[in-house]
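[1] okay, predicted coordinates and the sequence, questions at the end:
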Amino acid sequence: MSQNRYHGIDEYTVRLITFKAKQLSAHPGFSAADREDLEQELLLDLLRRQPKYDPARAQNNTFVARVVEHRAATLIEERKAGLRDYRLQAFSLNDHIEDEDGVRCERSETFDQDDYLLRTGRQSRSSDELRDLGIDVRSVVDQLPPKLRDLCQRLMRDSITDVSRETGIPRSSLYGIIDKVRAAFKDSGLEDYL
């Protein structure tokens, strides 16, 4: 039973709105939990349109019925629009299913984490690409002369200012060293990753 109260609203309008909300809540894309919200949405739309009612064109009940029917139809269409389309949401990510190995788990656990991170922009490369890139970078760094290797490793974890302070090498000189490291990466075909 609805907890909504309709003070000052005529009985016909209340019965129509509660009936239409009950119908909508049984429609795919809605649920019984939506019923009170649907009642409020239908009434709010009617109250917004009420100033446009012209008694010369139709009776009040006819106007109310047309407005409520129209809003109900647009609510259904809104549920079918784009990303909200209930027809595209055939399951919940929290549903329990069996994975490829027959182990019971939540559906969300079966999705590829790399694909998710790439699609949401939280990661620019797949885990495999990042692993391969890490191997390639270590290979180039390992081939650098010891002093360049040490500075390169420091620059991977600290800022130029911090490295300059720790080593006593002026920042302007560090930029020259960085150019040498970049040349080594470029010679190894890793210039796209600099």
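    In hand now; what should we look at?
[2] low-confidence stretches in the protein?
    1-2, 82-93, 192-194 (pLDDT under 70).
[3] helices of that one, start to end?
    Along the chain, the segments classed as helices by DSSP state H run 11-25, 35-49, 60-80, 113-119, 127-143, 146-157, 160-167, 171-187.
[4] got the CA coordinates for the fourth one in CSV?
    Just to be clear, that refers to helix 113-119. In CSV, the C-alpha atoms belonging to helix 113-119 read as follows (Å, rounded to 0.1, in the frame of the first residue of the first chain):
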residue,chain,number,x,y,z
GLN,A,113,40.1,-6.5,-15.2
ASP,A,114,42.4,-5.2,-17.9
ASP,A,115,39.5,-4.6,-20.3
TYR,A,116,37.6,-2.8,-17.5
LEU,A,117,40.6,-0.6,-16.6
LEU,A,118,41.3,0.2,-20.3
ARG,A,119,37.7,1.1,-21.0
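[5] so which elements touch that helix?
    If contacts are counted by 3 or more CB pairs under 8 Å, 6 or more residues apart in numbering; DSSP states H and E, helix 113-119 sits against helix 127-143. C-beta here means a position set from N, CA and C on the backbone, and glycine is covered the same way.
[6] show me what counts as buried in the helix it packs on.
    Neighbour-count burial for helix 127-143, counted by 16 or more other CB atoms under 10 Å, picks out 137, 140-141.
[7] next one: stretch 44-57
    45-46, 49.
[8] make TSV out of the buried residues of helix 127-143 and add distance to residue 182.
    Below are the buried residues of helix 127-143 laid out as TSV (distance: CB to CB, whole Å):
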residue	distance to residue 182
137	12
140	11
141	12
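[9] quick one: which of the buried residues of stretch 44-57 is nearest residue 108?
    Set against residue 108, the nearest of the buried residues of stretch 44-57 by CB to CB is residue 45 (36.1 Å).
[10] which residues does residue 73 contact?
    Listed by CB atoms under 8 Å, 6 or more residues apart in numbering, residue 73 has no contact partners.
[11] re earlier: I'd like the buried residues of stretch 44-57 written out as a markdown table, with distance to residue 103 added.
    Formatted as a markdown table, the buried residues of stretch 44-57 follow (distance: CB to CB, whole Å):
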| residue | distance to residue 103 |
| --- | --- |
| 45 | 49 |
| 46 | 52 |
| 49 | 55 |
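[12] residue contacts, the closest residue to residue 143 other than its chain neighbours?
    In this structure, residue 143 finds its nearest non-sequential neighbour in residue 184, 7.2 Å apart by CB to CB, 6 or more residues apart in numbering. Contacts were defined as CB under 8 Å, 6+ apart; by that measure residue 184 touches 140, 143-144, 148.
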